[in-house]
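Student: fold the following and give me the result.
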Amino acid sequence: MPELPEVEVVRRGMGQRVVGASISDVEVRHPRPVRRHLAGADDFRARLRGTRISDVVRRGKFLWLTLDSGEALLAHLGMSGQLLLVPTGSPPEPHLRVRICLDGGVDLLGRQIRFVDQRMFGGLSVVGLVATADGLPGGLGSAPDPVPPLLPVPVAHIARDVLDPDLDEAALARRLRARRTGLKRALLDQTLVSGLGNIYADEALWRVRLHYARPTDTLTRPALAGLLDATRAVMGAALAEGGTSFDSLYVDVNGRSGYFERALAVYGRAGQPCPRCGTPIRRDAFMNRSAYTCPRCQPRPRRARW
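Tutor: As a prediction, the model looks like this:
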């Protein structure tokens, strides 16, 4: 599942090219990717045609294009979704599901946004916008103008992420300590802090030498500050490498894979030496997934919570 860095790479690539462009036509080649647009494919097309893209915004793992109609085109990448920006005359990709034709924008030759999804767990929908609970910008945007204090309705419950300048760290600390659960379980809760998944949670916890089962109510302010710094560092390193691509499904808007997999310290490295101390990395079953730790750098706490 793409995490924050992979979605941010797409936002940056898309935002550089499509802000200011108008949508001239829409082709839905398969109904499943627009299933979340409950009014159906014809309404999906009608709501997009003739609108102008005013910004490309991200909060956590959620990405949307704000439209001058007052609505947003919300993209959910799912397990294998790709948002590609390609010249109009390019041949269709395998598993092309939705084609959105653009006029204007930076590229005067014309381009198309193509939603490609092999497994079809992702999708697109046109949704309304609601005010943010804190009155602050809805997320990170690409347009010169500030992002308005609005969120797509399906994203209204999603918390801010660690790269969001409006993240309230003090409030996050209070909520984490009150949750009384294991640390990694809390980090994966998108209503507490968004954008984190298995990969970057394990990498950040390793950097700050915290075990995933550490009870959240035992976190000190310095420990939390160190964890947030480590999370931002991991995200920044991943962004610099274009994200983490374990297979050809995770690509940027130009179809290029990311290379952060080469720099992973613990995730997916069970049995291999810890880059810091040489102890073999341990893999534990965790929430129907996996958790990777260094037993020496990240000793399991005596009072652990899964």
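Student: where does pLDDT dip in the stretch 1-150 of the chain?
Tutor: Residues of the stretch 1-150 of the chain that meet the criterion pLDDT under 70 lie in 1, 105-110.
Student: repeat that for 80
Tutor: 1-3, 79, 104-110 (pLDDT under 80).
Student: in a helix, Val116, correct?
Tutor: No: counting by DSSP: H, G, I helix; E, B strand; the rest coil, Val116 falls outside a helix, being strand.
Student: distance of it from Ala41?
Tutor: Distance from Val116 to Ala41, counting by C-beta to C-beta, to the nearest Å: 17 Å. Where you see a C-beta, it was placed from the backbone N, CA and C, and this is true even at glycine.
Student: which of those two has more residues huddled nearby?
Tutor: Between Val116 and Ala41, counting by other C-beta atoms under 10 Å, Val116 is the more crowded of the two (23 against 18).
Student: and that one, what is it in contact with?
Tutor: Val116 is in contact with 81-82, 84, 93-97, counting by C-beta atoms under 8 Å, 6 or more residues apart in numbering.
Student: tell me what it is bridged to.
Tutor: Gln82, Leu96 (DSSP bridges).
Student: tell me how far the residue lying closest to Gly141 once chain neighbours are set aside lies from Leu239.
Tutor: Once flanking residues are discounted, Gly141 sits nearest to Val147: 3.9 Å by C-beta to C-beta, 6 or more residues apart in numbering. Per C-beta to C-beta, Val147 is found 19 Å from Leu239.
Student: tell me the contacts of Arg36?
Tutor: Contacts of Arg36 (C-beta under 8 Å, 6+ apart): 74, 76, 123-125, 154.
Student: report the secondary structure state of Ala186.
Tutor: helix.
Student: using CSV, write out every CA atom in the helix ranked longest in the chain.
Tutor: Ranked by residue count under DSSP state H, the longest helix found in the chain is helix 221-240. Presented in CSV, the C-alpha positions along helix 221-240 are these (Å, rounded to 0.1, in the frame of the first residue of the first chain):
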residue,chain,number,x,y,z
ARG,A,221,7.8,14.6,25.6
PRO,A,222,11.5,14.2,24.5
ALA,A,223,10.8,10.6,23.3
LEU,A,224,7.8,11.8,21.2
ALA,A,225,9.8,14.8,19.9
GLY,A,226,12.5,12.4,18.9
LEU,A,227,10.0,10.0,17.2
LEU,A,228,8.5,12.9,15.2
ASP,A,229,11.9,14.1,14.1
ALA,A,230,12.9,10.5,13.1
THR,A,231,9.6,10.1,11.2
ARG,A,232,10.2,13.4,9.3
ALA,A,233,13.8,12.3,8.5
VAL,A,234,12.6,8.9,7.1
MET,A,235,9.9,10.6,5.1
GLY,A,236,12.4,13.2,3.8
ALA,A,237,14.9,10.5,2.8
ALA,A,238,12.2,8.5,1.0
LEU,A,239,11.0,11.6,-0.9
ALA,A,240,14.5,12.3,-2.0
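Student: same for the following helix or strand past that helix, what does it pack against?
Tutor: For helix 221-240, the following helix or strand on the C-terminal side (DSSP states H and E) is strand 282-286. Secondary-structure packing of strand 282-286 (3 or more C-beta pairs under 8 Å, 6 or more residues apart in numbering; DSSP states H and E): strand 289-293.
Student: relative to the strand it packs on, what are the paired strands and their orientations?
Tutor: strand 282-286 (antiparallel).
Student: who's in contact with the partner strand?
Tutor: Taking C-beta under 8 Å, 6+ apart as the rule, strand 282-286 contacts 184, 212, 270-271, 290-295, 306.
Student: hmm, 6 Å instead?
Tutor: 270, 290-293, 295 (C-beta atoms under 6 Å, 6 or more residues apart in numbering).
Student: what residues of that strand count as buried?
Tutor: 282-283, 286 (16 or more other C-beta atoms under 10 Å).
Student: between those, which is closest to Gly197?
Tutor: Ranked by distance to Gly197 (C-beta to C-beta), the buried residues of strand 282-286 are led by Phe286 at 12.1 Å.
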